[in-house]
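1. next input, structure requested:
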Amino acid sequence: MQSYQNLSRYYDLLMEDARYPERAKYIFEICARFSHEPGQICDLCCGTGSLTRELKKLGADVFGVDGSVEMLSEAAQSGYEEDINILYVNQLMQELSLPCPADTCICTLDSLNHLTDEAELKQTFNAVGDNLNSGGLFIFDMNTLYKHRVTLGNNDFVLEAENVLCAWQNVLCEDDIVEITLDFFEEDENGLYSRCSEYITERAYSTGTVKKLLEESGFEMLGCFGDLTFEAPKDDEQRVIFTARKK
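-> This is a model prediction of the structure:
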């Protein structure tokens with residue numbers, strides 16, 4: 001399992017373009033589009049809780065689940081600083097087990113792409129279905145094949161934030177798996193740099209594969225949209241939004 005011990009410290013700095021407030025409103029818009037009352041929301045793979053807190057600000061009954069203790073520690077600290085009280089649970093997504101079923105489950109910002117084994121992806125879909133009320137919605141996004149093959153591919157990037165530089169290196173492998181190495185360089189008050197690294201693997205799946213696995217797990221796929229839209233995904237779409245209902 002990838003713990004993201006180092007990534008958790010820098011995640012929010014590198015995700016400044018995630019558009020969390022807009023994404024939170026979009027989730028409510030999806031629910032309204034399919035005449036679904038959000039009810040209790042499970043934010044699966046909530047990471048540092050940025051989206052969880054935005055949903056809470058909109059009045060959602062929401063809690064967060066993540067497999068990384070380090071990510072949840074950042075989430076709890078941010079919640080404390082913003083005086084927002086949210087329950088966070090440390091569980092792997094493929095082993096989700098809630099005391100009471102949720103009405104809506106969301107999983108955003110390519111979290112499901114971190115499952116590079118199709119069997120694990122189906123296991124996660126099964127687990128979500130087991131922890132949703134009948135008729136509950138599962139709203140999630142995934143990076144596209146285009147993003148993995150073209151945008152990420154074998155390309156390198158440099159990302160900069162205050163006092164932190166990230167060197168991002170990708171290697172495109174079989175089955176549209178991208179191996180990602182992140183090297184973080186942080187400057188201290190003396191102008192000296194420390195370095196730490198994180199290694200991540202992600203896999204892109206076709207829409208057909210995702211739909212098949214959802215149906216095998218007892219879901220009906222209601223919609224597949226471009227990121228933050230209600231339009232069909234474009235050929236060069238980077239992220240696709242899926243909405244499925246538990247039968």
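2. the residue lying closest to L58 once chain neighbours are set aside: neighbouring residues, count only.
-> Spatial nearest neighbour of L58, chain neighbours left out: A24 (5.7 Å); criterion: Cβ to Cβ, 6 or more residues apart in numbering. Yep, even glycine has a C-beta here, placed from its N, CA and C like the rest. Look at A24: counted by other Cβ atoms under 10 Å, it has 23 neighbours.
3. tell me the phi and psi of A24?
-> Phi and psi for A24, reported as degrees, to the nearest 10, are phi -60, psi -50.
4. and the residue of the chain positioned farthest from its centre, which of the three is it?
-> Distance from the centre of the chain peaks at N190, with 35.9 Å (Cα atoms, centre = their mean). At N190 the chain is in coil, as set by DSSP: H, G, I helix; E, B strand; the rest coil.
5. ok, back up a step: residues touching the residue nearest to L58, list them.
-> Neighbour list for A24: 51, 54-55, 57-58, 60 [criterion: Cβ atoms under 8 Å, 6 or more residues apart in numbering].
6. try 10 Å this time
-> Residues in contact with A24 (Cβ atoms under 10 Å, 6 or more residues apart in numbering) are 50-58, 60, 62, 106, 108.
7. for the residue farthest from the centre of the chain, give its distance to A167.
-> When distances are taken as Cβ to Cβ, to the nearest Å, N190 and A167 turn out to be 22 Å apart.
8. got it, and E216?
-> Taking Cβ to Cβ, one finds E216 at 40 Å from A167.
9. swap in E186?
-> E186 sits 12 Å away from A167, going by Cβ to Cβ.
10. between those two, which contacts overlap?
-> Joint contacts of E186 and A167 (Cβ under 10 Å, 6+ apart) are R195.
11. where in this structure is pLDDT low?
-> 1-5 (pLDDT under 70).
12. how is it carved up into domains?
-> If you go by automatic domain parsing, the domain ranges for the chain are 7-143+205-246, 147-202.
13. pick the most buried one from the ones you listed.
-> domain 7-143+205-246 (a mean of 18; mean count of other Cβ atoms under 10 Å).
14. measure that domain end to end?
-> Domain 7-143+205-246 has an end-to-end distance of 33 Å (criterion: Cα to Cα, to the nearest Å).
15. before we move on, back to that, any chance of TSV for the contacts of A24, columns distance to F138?
-> What follows is those, written out as TSV (distance: Cβ to Cβ, whole Å):
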residue	distance to F138
S50	20
L51	16
T52	17
R53	21
E54	19
L55	16
K56	20
K57	23
L58	19
A60	16
V62	15
I106	8
T108	12
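16. biggest separation within the residues you listed, which pair?
-> Maximum pairwise distance among the contacts of A24 (Cβ to Cβ): 16.1 Å, between K57 and T108.
17. count the residues that sit near the residue nearest to I177 when sequence neighbours are not counted.
-> Excluding its sequence neighbours, the residue lying closest to I177 (Cβ to Cβ, 6+ apart) is R203, at 4.6 Å. If you count neighbours by other Cβ under 10 Å, R203 ends up with 22.
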